[in-house]
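Peer 1: I would like to see how this sequence folds:
(one chain, ligands or ions: 2)
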Amino acid sequence: MRLVVTSDIHIDKNGSDVCQLIAARAQELGADVLLLAGDVATSPTVLLQTFLTLRAAVPHLLYVAGNHDVWSHPEMQAKGQHAWWRLDTLLPALCAEAGVHNLDVAPIELGGVGFAGTLGWWDLSTRDASLDAPPEAYRTGQFAGLRWMDHTYAHFPDADGRAQAPETVAAILRGRLAAQLQRCTAERIVAVTHMVAFAEQLHHKSHPGWRFAQAFIGHLALGEVIAADPRVRLAVAGHTHIGSDFSRGGLRALCTPLGYQREWQGRSTAEAVNRAVVLVEL
Ligand SMILES: [Fe+2]
Ligand SMILES: [Fe+2]
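Peer 2: Ligands and ions are numbered 1, 2, ... in the order given. Next up, the predicted model:
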């Protein structure tokens, strides 16, 4: 199987030309399956158009949501269009309309390979413990001039409408991934998360704001669930806009994000896309 992987394509920031380039690159690589590991767009219109364009280019398009994909304005949250609604109702409907397989909903087996996935959520397990930030900063998402926007735009309410703690959201989504892995009958599995699942995928920076932001990048217990299943040969993540590729035993962990144009270090759009859209032969 020729699996083509990318994440963090942020089409509502990067523009639909980028979507066309990703489609062309996936075709050039002969993709049987194109896998998007989250952060496609916040706008439902852009999400749908992106899904339709990419789906037309490849035989199978698989997707997990990113945090930007479940964001909504607080006014919309108050009307019930919160992160759980986006994850469990809106995104599955858009995927169904475009013929995309939404891994947040169910695993799938293609060519003898199982795919299981979840958005996942951050739980502060990846925070920089050497940073002197108070608990209040983590609760509000603000420290050293940095404001983490999930605290405003990603609202996960409980049945009574009260905001759930990020640790609770992370545990729920980790449980969904574990259940999917149990359901998979394939001998080889690809596990897909938007959130970073392994400490090796973190990139330590010097600026206090970015050291603080590391708290909102991943959930290390997700990695424990993935690593506990020896059938998982490949773990794909997104969210951090700095790529990584490492192996631990028989497990390869790959993060190959496109990110924002300002992060492309002078590369042209085509160069950035070709670097971020990666072929894995399974
Ligand atoms: Fe992103
Ligand atoms: Fe993200």
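Peer 1: what ranges do the strands span in this protein?
Peer 2: For the chain, strands defined by DSSP state E occupy the ranges 2-6, 33-36, 60-63, 101-102, 108-110, 113-118, 142-143, 146-147, 188-193, 232-237, 244-248, 251-255, 278-281.
Peer 1: any idea how far the fourth one is from the chain center?
Peer 2: I take that to be strand 101-102. 13 Å (Cα atoms, centre = their mean, to the nearest Å).
Peer 1: need the contact list for the spatially most central residue of the chain.
Peer 2: Centroid check for the chain by Cα atoms, centre = their mean gives residue 194 as the closest residue, at 2.0 Å. Shown in contact with residue 194 (Cβ atoms under 8 Å, 6 or more residues apart in numbering): 7, 37-39, 64-67, 118-120, 237-239. Quick note: C-beta positions are derived from backbone N, CA and C, even for glycine.
Peer 1: do residue 185 as well
Peer 2: Residue 185 touches 109, 114, counting by Cβ under 8 Å, 6+ apart.
Peer 1: one step back: figure out which of the strands of the chain is closest to ligand 2.
Peer 2: strand 232-237 (9.8 Å; Cβ to the ion).
Peer 1: what pLDDT, on average, does that closest one get?
Peer 2: For strand 232-237, the mean pLDDT works out to 98.
Peer 1: contact partners of it?
Peer 2: Contacts for strand 232-237 (Cβ under 8 Å, 6+ apart): 3, 5, 7, 35, 37, 181, 188-198, 201, 218, 223, 226, 250-255, 280, 282.
Peer 1: Quick check: residue 262 vs ligand 1, distance?
Peer 2: 13 Å (Cβ to the ion, to the nearest Å).
Peer 1: I'd like to know how far that residue sits from residue 166.
Peer 2: 27 Å (Cβ to Cβ, to the nearest Å).
Peer 1: Mind checking which of those two has more residues around it?
Peer 2: More crowded of residue 262 and residue 166, by other Cβ atoms under 10 Å: residue 166, with 22 against 7.
Peer 1: ok, of the contacts of strand 232-237, which come out buried?
Peer 2: Neighbour counting by 16 or more other Cβ atoms under 10 Å classes 3, 5, 7, 35, 37, 181, 188-198, 201, 218, 223, 226, 251-255, 280 among the contacts of strand 232-237 as buried.
Peer 1: How about stretch 236-244 and ligand 1, touching?
Peer 2: No: applying Cβ under 5 Å from the ion, one finds stretch 236-244 out of contact with ligand 1, separated by at least 5.8 Å.
Peer 1: Which positions in that stretch come out as buried?
Peer 2: Across stretch 236-244, burial judged by 16+ other Cβ under 10 Å covers 236, 237, 238, 239, 240, 241, 243, 244.
Peer 1: now, the most widely separated pair of those residues?
Peer 2: The most widely separated members of those are 236 and 241, with 14.9 Å between them, by Cβ to Cβ.
Peer 1: can you pull the pLDDT of residue 203?
Peer 2: 89.
Peer 1: Show me what from the stretch 1-150 of the chain comes close to ligand 2.
Peer 2: Of all the residues in the stretch 1-150 of the chain, those lying near ligand 2 are 39, 66, 67, going by Cβ under 5 Å from the ion.
Peer 1: now the second one, nearest residue through space, not along the chain?
Peer 2: By that I understand residue 66. Excluding its sequence neighbours, the residue lying closest to residue 66 (Cβ to Cβ, 6 or more residues apart in numbering) is residue 38, at 2.7 Å.
Peer 1: tell me the contacts of that neighbour?
Peer 2: 7-8, 63-69, 119, 194, 238-239.
Peer 1: So which of those sit within helices?
Peer 2: Among the contacts of residue 38, none falls in helices (DSSP state H).
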